[in-house]
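Asks: Take this sequence and fold it.
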Amino acid sequence: MKPGFVNTTLDVRTGNGLDDTLLGWLDYVRPNGDWLRAPIGGTTDGLSVPRCLQNIIPATGGDWFSGVLHDSAYRNQLL
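Replies: The predicted model follows:
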């Protein structure tokens, strides 16, 4: 399998626009073949962008998948 994100889309549910709950898995394959998965029900606040810059780089902009995977690892939710 080619390294990188397997998903091309990700479904989330949000209650307040800051804390999203994953409705589907987010899968990532490392260059060495290891597979990482952010699980259904995992939580994320998107990219950690300072509030003063959010009109330029929104929390769901840029490399949002990386932010979601980071949050799952930081919150000890990775499978």
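Asks: surely W64 meets L47?
Replies: Yes - between W64 and L47 there is a contact under C-beta atoms under 8 Å: 6.2 Å. Every C-beta, even on glycine, is put in place using the N, C-alpha and C of the backbone.
Asks: Tell me the secondary structure at the residue of the chain most remote from its centre.
Replies: Most distant residue from the mean C-alpha position of the chain: C52, 21.6 Å away (C-alpha atoms, centre = their mean). Using DSSP: H, G, I helix; E, B strand; the rest coil, the structure places C52 in helix.
Asks: Report the contact partners of it.
Replies: Applying C-beta atoms under 8 Å, 6 or more residues apart in numbering to C52 gives no contacts.
Asks: how much space between it and W64?
Replies: Look at C52 and W64: by C-beta to C-beta, to the nearest Å, they are 19 Å apart.
Asks: List of residues touching stretch 12-20?
Replies: With contact meaning C-beta under 8 Å, 6+ apart, stretch 12-20 is reached by T21, L22, L23, T43, T44, D45, G46, A59.
Asks: what about 7 Å?
Replies: Stretch 12-20 has contacts (C-beta atoms under 7 Å, 6 or more residues apart in numbering) with T21, L22, L23, T43, T44, D45, G46.
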